[in-house]
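Visitor: need coordinates for the following:
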Amino acid sequence: MKLHELAQRLGGRLENASADLDITGVAGIEEASAGHATFVANPKYAAAARSTAASLIIVGNDFPALQRPLLRHENPYLAFAHAIEFFYSMPKRQPGIHKTAVIDASAKIGKAACIGPYVVIEQGAEIGDNCTLLAHVVIYSGARIGDNFFAHAHAVVRENCVLGDNVILQNGVVIGADGFGFAKDGKGEWHKIVQSGPAVLEDDVEVQANACVDRASIGETRVGRGSKIDNLVQVGHGSKVGQRTLLCAQVGLAGSTQVGNDVILAGQVGVAGHCSIGDGVIATAQSGIPNDVAAGKVVSGYPAIENRQWLRAVAVFNRLPELARSLRASSRGTGA
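Guide: Down below sits the predicted model:
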């Protein structure tokens, strides 16, 4: 693809570049070679931008001047994502139902379905148009799924769960497994609480590998439109996740957690049950949230506190040995 064509598709403004330059692919800034386009979103990587062998670097409008072929763009990360799409296409799968698939006669499947080997679709399940279910996907009875559903191998949707349009389930996802609910009886034994409520995923939700969204004992567990759930995330029973929210790797939401819109919970954040996380909250990696968090806050640490306060506390923590030595020396000096 000629550079001028790529720039036209992506938008933005070329600098120091020949419009007839051939771009043959995309790569990370350290792996890129001649013919590749790469990107830098953070000015602190300016040194890597100077040394990369890439033929084109996609950068932000505020990136420092550089005597290299640049494509300045208001959102370089998104532009690079689109560039990947131009050079890499997902495998094309032809509609059809594999001979080993087991589909109940009462199930309803829309047009142009691609059903892979050993898929199981139980009674009363409904799936919309243009679905793709790869090997060993299981759809339980009564599940209702919208158009353009894509389920990778070994994904499971349990009974009566509801999924909207354009939902993607990566390998090993389980939607609607039983929530973790038990009550002690008079003998001190744990009695299982029936988990009767479905899990609901709204339109444009993607759930990545081996993540779980549990069903509720009563009511429902819901993930809002456009939210993305990373690998190994646990969404506990009865939780509500708002729209366009990111739950990054190994996040855990205990039961009945309320998470607002446009929230980012970074890797390994844990939220205690019945907590409310307001719109726009950011929790940095490995934060533990035992209480409600107001909208717009950035929190860190355990128990999670305002990020700037946490950074100051960490700075003091790193100096504790030094402060302890100083305090002991001061005590000896005063004879205390």
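
Visitor: what bridges to Ile121?
Guide: Here Ile121 sits in beta bridges with Ile103, Ile139, as judged by DSSP bridges.

Visitor: that one against Ile103, yeah?
Guide: Yes: counting by C-beta atoms under 8 Å, Ile121 does reach Ile103; the two are 4.6 Å apart. (C-beta placed from N, C-alpha, C; glycine too.)

Visitor: which neighbours do these two share?
Guide: Ile109, Ile115 (C-beta atoms under 8 Å, 6 or more residues apart in numbering).

Visitor: who's more crowded, those two?
Guide: Ile121 (29 against 19; other C-beta atoms under 10 Å).

Visitor: list the contacts of the more buried one.
Guide: Residues near Ile121 by C-beta under 8 Å, 6+ apart: Ala101, Val102, Ile103, Asp104, Ala107, Ile109, Ile115, Ile127, Leu133, Val138, Ile139.

Visitor: the third one contacts Ala113, correct?
Guide: This points to Ile103. No: with contact defined as C-beta under 8 Å, Ile103 does not reach Ala113; the gap is 9.7 Å.

Visitor: overlap in contacts of the two?
Guide: Ile97.

Visitor: show me what the strand or helix carrying Thr38 is packed up against.
Guide: Using DSSP states H and E, Thr38 maps to strand 36-40. Here strand 36-40 touches strand 25-26, helix 46-51, strand 56-60, helix 76-87, going by 3 or more C-beta pairs under 8 Å, 6 or more residues apart in numbering; DSSP states H and E.

Visitor: helix 76-87 and that strand, what's the angle between them?
Guide: For strand 36-40 against helix 76-87, the angle by axes from the mean of the first three to the mean of the last three C-alpha atoms, to 10 degrees is 160 degrees.

Visitor: what mean pLDDT does strand 36-40 get?
Guide: Model confidence over strand 36-40 averages 94 on the pLDDT scale.

Visitor: ok, and what's touching it?
Guide: With C-beta under 8 Å, 6+ apart, strand 36-40 has contacts from 6, 23-29, 32, 46, 48-49, 52-59, 63, 71, 76-77, 79-80, 83.

Visitor: give me that answer again for 6 Å
Guide: 23, 25-27, 29, 32, 49, 54, 56-59, 76, 80, 83 (C-beta atoms under 6 Å, 6 or more residues apart in numbering).

Visitor: where does pLDDT dip in the stretch 201-336 of the chain?
Guide: Residues of the stretch 201-336 of the chain that meet the criterion pLDDT under 70 lie in 333-336.

Visitor: between the two ends of stretch 215-227, what distance do you get?
Guide: Stretch 215-227 stretches 18 Å from its first residue to its last (C-alpha to C-alpha, to the nearest Å).

Visitor: could we number from 159 for the rest of this?
Guide: Shifting the count to begin at 159 puts that one at stretch 373-385.

Visitor: re the thing from before, mean pLDDT lowest for which of the helices and strands packed on strand 194-198?
Guide: Looking at the helices and strands packed on strand 194-198, the bottom one is helix 204-209 with a mean of 87.

Visitor: list of residues touching it?
Guide: Ile187, Val198, Ile215, Pro222, Leu224.

Visitor: 7 Å instead, please
Guide: By C-beta atoms under 7 Å, 6 or more residues apart in numbering, the surrounding residues in contact with helix 204-209 are Ile187, Glu188, Val198, Ile215, Pro222, Leu224, Arg226.

Visitor: sorry, back to before: tell me which of the helices and strands packed on strand 194-198 sits nearest to Gln366.
Guide: helix 234-245 (16.1 Å; C-beta to C-beta).

Visitor: now the closest one: buried residues?
Guide: Pro234, Ala237, Phe238, Ala241, Phe244 (16 or more other C-beta atoms under 10 Å).

Visitor: closest one to Ala487 out of these, please.
Guide: Of all those, the one with the least separation from Ala487 (C-beta to C-beta) is Pro234, at 52.4 Å.
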